[in-house]
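Q: Let me see the structure of the following:
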Amino acid sequence: MPMPRFCTRLLCLWTLILPLFSLSAHADNTPPSIIQRHLVADTATPATPSFLPPDQAFKVDSAESEHGPYIALEAAPGYYLYRDRIHLTQAGQDITDRAQFSPPQQKDDPAFGLVSVYHDQARITLPDWQSNSAPIDIRYQGCAEAGLCYPPMQKTLSAPASATSSAPPHPSTTNKVLSAPPIAPALSPWTLLVLFAAGIGLTFTPCVLPMLPIACAIVVGRTPSRRQALGLSLAYVVGMVIAYALLGLVVGLFGSSLQLQAQLQRAWVLVPMAVACIVAAGWLFDLYQLRLPLWLSMRMQNANDRLHQRGLIGTVATGALSTLVLSPCLSAPLAGVLVYLSTTGNVVMAMLGLVALALGMGTPIIICCTFGAGLLPRAGAWMTTVKGLFGLMLLGTALWLLARILPPACTLLLWGIWGLGGARLLGAGLPPQQGSRALLQVTGWAVAIWSVACIAGAAAGGHDPLRPLASFTATATTEPRLRPSSDTASPWPRINRIETLQRVLNDSSSQPLLIDIYADWCTSCQQMERTVYAAPELQPILSLFRGFRLDVTHPDKKTLEFLRDHGLFGPPGVLFFVEGQEAADERIVGERSREEVENHLRAVLNASRRAQP
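A: Numbering: from 1, shown residues only. Coordinates of the predicted model:
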């Protein structure tokens, strides 16, 4: 049965919209990944966290392994470095593109989405970096999980004295700094469960399901015993698992060796991978067919028949070969899975992911071989829906890849269009259904409402699919913001030079002074401005202070010295002065809640009253 026309229209609409959005993405000169950081949600903890000095929070040095010199970066526990904020220069030339970075981890920022960061350890290798080479200037920036952004830092490194090898670098497992980043965050049980369910779903596609009884007859043959049938079917699935595990090994090594995860901010990598997913989705929408050449398919089928005649070992080999025999039916959705796993740069993750997929595909085979094909659902119109849902999943994968280079509002719009397709497949817009189809239809209407919210949110400049209407609520919240100055970007006058700040500090006044430490790349500063300083409850007490904002977006030497002298390593932070003297006990370091800031403000006011004669 051909796919409904709306699927074809959906794919065509994507094809027309994506090039326009790609052009607008390149027109954006400030990619959000440069200033992203995680916003800490827990503000109920009353204790004030202590932050490490920059040289203790982030250690950078040059070292050498048996494969050549490298730059080692190490973030202390609770701290992380931004991949996009690491820049290398040598003899005045930018050599960042020549460097090979270890795969970063993906951090989900609630405001900006996924951002590449380094927790714990990272390494950078450069070809032909020898002891007689010019020193390398490395510029880097990081943040603390507890809510503090450090200013950009720079360090000059020379290659180790014994560095003479120009051989291509290779990861070493003998040095602590060279060890791979922890894989625990990538090994999500939910990811494996989704892949297992996807494997079961692949079995019920129109191409594979009719082949299951035939495959079961080939595997079990005329074996009357259920126990023997179970053993042979398990052996068959073990062969499938082995084949997919080897495929996962290749995919993981491929993704790691090419540093695909580190390259996922580059359009030349993202666009071809997304196009592959869109092409695969078009196959599932019956726009065209993808299959192996007939001569190759026949040869593999003949080899499969010969292997089956060799007993249990032959059955295992048959299961392994079946991954190629079924490849014409599974090439499209399997391509999407391979694209996703190759981006992890993690061999173990890629292997376990494809093993979970193979186990899902093998479960119906075990049931069919052991209990008979009568337990399997019959082919029907429902298979068209399953096929369409897999096509939408591939389009979702393409959008997930392109979201890193597309403008956030455009991405949200595409999510809305994507959701409308899913809602239509679930029955939204069709006559009322009965039974289980009625539940699917209700789900489809819920998805349709979410999709409309995404489209409306995109029109208002939104960016978060989980909160598509957040831009409307944010506008309503920030409208009553107190703006004592004419600077519409700040609630206080901005100061960019320490000399100007010193004049403010020397100005004798009985009114307590508030100095807000701020930077444009500090998202905690932006969060505090929206949720703390704009709160109506704080406006009366804030009006009792003289407020100024020290902008450390591009700090010079004097600014860094001032921050260091006052126990600050970066924004956000607030300094209070009473009668020309700092109230050091009430100093605010890092992101704070409205209640905590209010407590500090009241304490400073009480100290100011006591200081007055």
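Q: Phe196: how many residues sit nearby?
A: Under the neighbour criterion other C-beta atoms under 10 Å, Phe196 is assigned a count of 19. Any C-beta I mention is one placed from the backbone N, CA and C, and that applies to glycine too.
Q: How many neighbouring residues does Arg610 have?
A: The local packing of Arg610 (other C-beta under 10 Å) involves 8 other residues.
Q: Put the alpha carbons of the helix or strand where Leu392 lies into CSV.
A: According to DSSP states H and E, Leu392 maps onto helix 382-402. Coordinates of the C-alpha atoms in helix 382-402 are reproduced here as CSV (Å, rounded to 0.1, in the frame of the first residue of the first chain):
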residue,chain,number,x,y,z
TRP,A,382,-1.1,-0.9,10.1
MET,A,383,2.3,-1.8,8.5
THR,A,384,2.0,1.4,6.4
THR,A,385,1.7,3.4,9.6
VAL,A,386,4.7,1.7,11.1
LYS,A,387,6.7,2.4,8.0
GLY,A,388,5.7,6.0,8.1
LEU,A,389,6.6,6.4,11.7
PHE,A,390,10.1,5.1,10.9
GLY,A,391,10.3,7.6,8.1
LEU,A,392,9.4,10.4,10.6
MET,A,393,12.1,9.1,13.0
LEU,A,394,14.7,9.4,10.3
LEU,A,395,13.5,13.0,9.6
GLY,A,396,13.8,13.7,13.3
THR,A,397,17.4,12.4,13.2
ALA,A,398,18.1,14.7,10.3
LEU,A,399,16.7,17.6,12.2
TRP,A,400,18.6,16.7,15.3
LEU,A,401,21.8,16.9,13.3
LEU,A,402,20.9,20.2,11.5
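Q: For stretch 554-567, the averaged confidence score.
A: Confidence for stretch 554-567, expressed as mean pLDDT, is 83.
Q: Quick one: residues contacting the nearest residue to Asp464 once chain neighbours are set aside.
A: With sequence-adjacent residues excluded and distances taken as C-beta to C-beta, 6 or more residues apart in numbering, Asp464 is closest to Ala470, at 5.7 Å. Under the criterion of C-beta atoms under 8 Å, 6 or more residues apart in numbering, the contact partners of Ala470 comprise Gly457, Gly462, Asp464.
Q: pLDDT on stretch 361-376, on average?
A: Here the mean pLDDT over stretch 361-376 is 72, rounded to a whole number.
Q: same for the helix or strand harbouring Trp415, what does it pack against?
A: Element membership of Trp415 [criterion: DSSP H and E] is helix 408-425. On a contact count with 3 or more C-beta pairs under 8 Å, 6 or more residues apart in numbering; DSSP states H and E, helix 408-425 meets helix 5-26, helix 382-402, helix 436-459.
Q: Number of residues surrounding Leu601?
A: By other C-beta under 10 Å, 21 other residues sit near Leu601.
Q: any idea how far it lies from Tyr118?
A: Leu601 sits at a distance of 37 Å from Tyr118 (criterion: C-beta to C-beta, to the nearest Å).
Q: Ok, Gly461 next?
A: From Gly461 to Tyr118 the distance is 31 Å (C-beta to C-beta).
Q: What of Val251?
A: The separation that Val251 has from Tyr118, given C-beta to C-beta, amounts to 23 Å.
Q: circling back: Gly461 and Tyr118: which is more packed in?
A: Using other C-beta under 10 Å as the criterion, Gly461 and Tyr118 rank with Tyr118 on top: 26 against 14.
Q: just checking, the more buried one is part of a strand?
A: Yes: the assignment for Tyr118 by DSSP: H, G, I helix; E, B strand; the rest coil puts it in a strand.
Q: wait, isn't it in contact with Arg83?
A: Yes: between Tyr118 and Arg83 there is a contact at 6.4 Å, judged by C-beta atoms under 8 Å.
Q: Identify the contacts common to these two.
A: With C-beta under 8 Å, 6+ apart applied, the overlap between the contact sets of Tyr118 and Arg83 consists of Pro104.
Q: Run through the residues that contact Glu537.
A: When contacts are taken as C-beta under 8 Å, 6+ apart, Glu537 is in contact with Arg594, Glu598.
Q: Which strands or helices does the strand or helix carrying Leu202 pack on?
A: Counting by DSSP H and E, the element that carries Leu202 is helix 189-203. Contact partners of helix 189-203 among helices and strands, from 3+ C-beta pairs under 8 Å, 6+ apart: helix 327-342, helix 347-371, helix 382-402.
Q: mean confidence score for it?
A: On average, the pLDDT along helix 189-203 is 80.
Q: That one: which residues count as buried?
A: Going by neighbour count (16 or more other C-beta atoms under 10 Å), the buried part of helix 189-203 is Thr191, Leu192, Val194, Leu195, Phe196, Ala198, Gly199, Gly201, Leu202, Thr203.
Q: Including distance to Gly419, could those go into a markdown table?
A: Formatted as a markdown table, the buried residues of helix 189-203 follow (distance: C-beta to C-beta, whole Å):
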| residue | distance to Gly419 |
| --- | --- |
| Thr191 | 21 |
| Leu192 | 25 |
| Val194 | 18 |
| Leu195 | 22 |
| Phe196 | 24 |
| Ala198 | 19 |
| Gly199 | 25 |
| Gly201 | 19 |
| Leu202 | 23 |
| Thr203 | 26 |
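Q: closest to Thr553 among those?
A: Using C-beta to C-beta, Thr191 is the member of the buried residues of helix 189-203 that lies nearest Thr553, at 37.7 Å.
Q: How about the contacts made by that closest one?
A: Applying C-beta under 8 Å, 6+ apart, we find Thr191 in contact with Gly353.
Q: where's it relative to Leu352, distance?
A: If you measure Thr191 against Leu352 using C-beta to C-beta, the figure is 9 Å.
Q: And for the nearest residue to Glu598 once chain neighbours are set aside, the neighbour number?
A: Ranked by C-beta to C-beta, 6+ apart and with sequence neighbours excluded, the top spatial neighbour of Glu598 is Leu538, at 6.1 Å. The number of residues packed around Leu538, counting by other C-beta under 10 Å, is 16.
Q: Dihedrals phi and psi, Leu538?
A: In this entry, Leu538 is assigned phi and psi values of phi -90, psi -10 (degrees, to the nearest 10).
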